[in-house]
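>>> sharing a sequence plus its predicted fold:
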Amino acid sequence: MKNITITGSEGIIGRQLCLHLEKKYKIIKLDLKYGHDLSNEDFVKNWFKKNKTDYLVNCFALNDHISSKRQKESLMNISLDSVTNYLNINITSLFSVCREFVRNNKKGGIINFSSYLGIVSPNPILYPKTDKNLAYCVSKAGVIHLTKYLAVHLAPNIQINCISPGGILDKQGKDFVKKYSKLTPMKRMMKKTELNGIVDFLCSDASKYITGSNFVIDGGYTSW
């Protein structure tokens, strides 16, 4: 039985992937909820040295989810410390985790998660009161290129691919859901379980010739 390590295992995407993949794989969970600080390089080095895994699915990230408690920010008042924090978690720490997986495994696969907002800018129509965080979007664009860079340099033994999901339905207000759905050819937001299939595929032998790819699963949102 293959081992799959899922970082951010208790997040929106991670929880669903764990429930789905544990049916046929041994799942190893890594999450801040369990005291796993992936921004701590020493922790990351020690963990991967002790825990061999066939596949690494990176769901951990810093995000500013849409909610009533979300901080009001705009392009002109976002702090530089905030920008640095997003880049540190979503790029630097992600690179650290990928590198330690590679350092301790001669073969295997990595799946990183970007976002449709790493491909297109947030639509102001969806964020009338507070802008989507600039640094989140920039960092998610960086995840796509980080994936491609690593794929080129680590092939053929390590396959590295990326998934860029569209908006996932999860407690957003009715107004946001309605507006988002109108902007999407599929006329709805993504269900939490609709990433299971692509991750399952990328962890299988059916994807052995795929590396450096970015799979956009967004109901056509970025196709306009």
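Thanks, I have the structure now. Residues are numbered from 1 along each chain as shown.

>>> quick one: list the elements packing against the lengthiest strand in the chain.
As assigned by DSSP state E, the longest strand anywhere in the chain is strand 158-165. On a contact count with 3 or more C-beta pairs under 8 Å, 6 or more residues apart in numbering; DSSP states H and E, strand 158-165 meets strand 108-113, helix 134-154, helix 196-202, strand 214-217. C-betas here are computed from N, CA, C, even on glycine.

>>> swap the cut-off to 7 Å and go again
Using 3 or more C-beta pairs under 7 Å, 6 or more residues apart in numbering; DSSP states H and E, the elements in contact with strand 158-165 are strand 108-113, helix 134-154, strand 214-217.

>>> and those as CSV, adding mean pLDDT and mean neighbour count?
Listed next are these as CSV, based on pLDDT from 0 to 100; neighbours: other C-beta atoms under 10 Å:
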stretch, mean pLDDT, mean neighbour count
strand 108-113, 98, 25
helix 134-154, 97, 19
strand 214-217, 98, 18
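
>>> one step back: give me the mean pLDDT for the longest strand of the chain.
Here strand 158-165 scores 98 as its mean pLDDT.

>>> in the helix or strand following it, what counts as buried?
With elements assigned by DSSP states H and E, the helix or strand that comes after strand 158-165 is helix 174-182. Of the residues in helix 174-182, Phe176, Val177, Lys179, Tyr180 count as buried by neighbour count, 16 or more other C-beta atoms under 10 Å.

>>> export the helices and strands packed on strand 158-165 to a markdown table and append columns for distance to Lys50.
Formatted as a markdown table, these follow (distance: least, C-beta to C-beta, whole Å):
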| stretch | distance to Lys50 |
| --- | --- |
| strand 108-113 | 16 |
| helix 134-154 | 22 |
| strand 214-217 | 31 |
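
>>> quick revisit: can you tell me which of the buried residues of helix 174-182 lies closest to Ser121?
Tyr180 (14.7 Å; C-beta to C-beta).

>>> so that closest one sits right up against Asn123, yeah?
No - in this structure, Tyr180 is not within contact of Asn123 by C-beta atoms under 7 Å, at 8.7 Å.

>>> any stretches of this protein with poor pLDDT?
65-72 (pLDDT under 70).

>>> assign the residue in it sticking out farthest from the centre to helix, strand or coil.
Within the chain, Met76 marks the point farthest from the mean C-alpha position, 26.7 Å out by C-alpha atoms, centre = their mean. Secondary structure, DSSP: H, G, I helix; E, B strand; the rest coil: Met76 is coil.

>>> so who does it touch?
Met76 sits next to no residue when contact means C-beta atoms under 7 Å, 6 or more residues apart in numbering.

>>> how far away is it from Asp131?
With distances taken as C-beta to C-beta, to the nearest Å, Met76 is found 9 Å from Asp131.

>>> count the neighbours of the closest residue to Pro124 other than its chain neighbours for me.
Sequence neighbours aside, Asp131 is the residue nearest to Pro124 in space, at 7.6 Å (criterion: C-beta to C-beta, 6 or more residues apart in numbering). Close neighbours of Asp131, defined as other C-beta atoms under 10 Å, add up to 18.

>>> right, and Asp131 touches Glu73 too?
Yes - under the criterion of C-beta under 7 Å, Asp131 makes contact with Glu73 at 6.0 Å.

>>> in which helix or strand does Phe95 reside?
helix 94-103.

>>> pull out the buried positions in that helix.
Leu94, Ser96, Val97, Cys98, Arg99, Glu100, Phe101, Val102.

>>> now those as a markdown table including distance to Lys29?
Below are the buried residues of helix 94-103 laid out as a markdown table (distance: C-beta to C-beta, whole Å):
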| residue | distance to Lys29 |
| --- | --- |
| Leu94 | 17 |
| Ser96 | 18 |
| Val97 | 14 |
| Cys98 | 18 |
| Arg99 | 20 |
| Glu100 | 17 |
| Phe101 | 15 |
| Val102 | 20 |
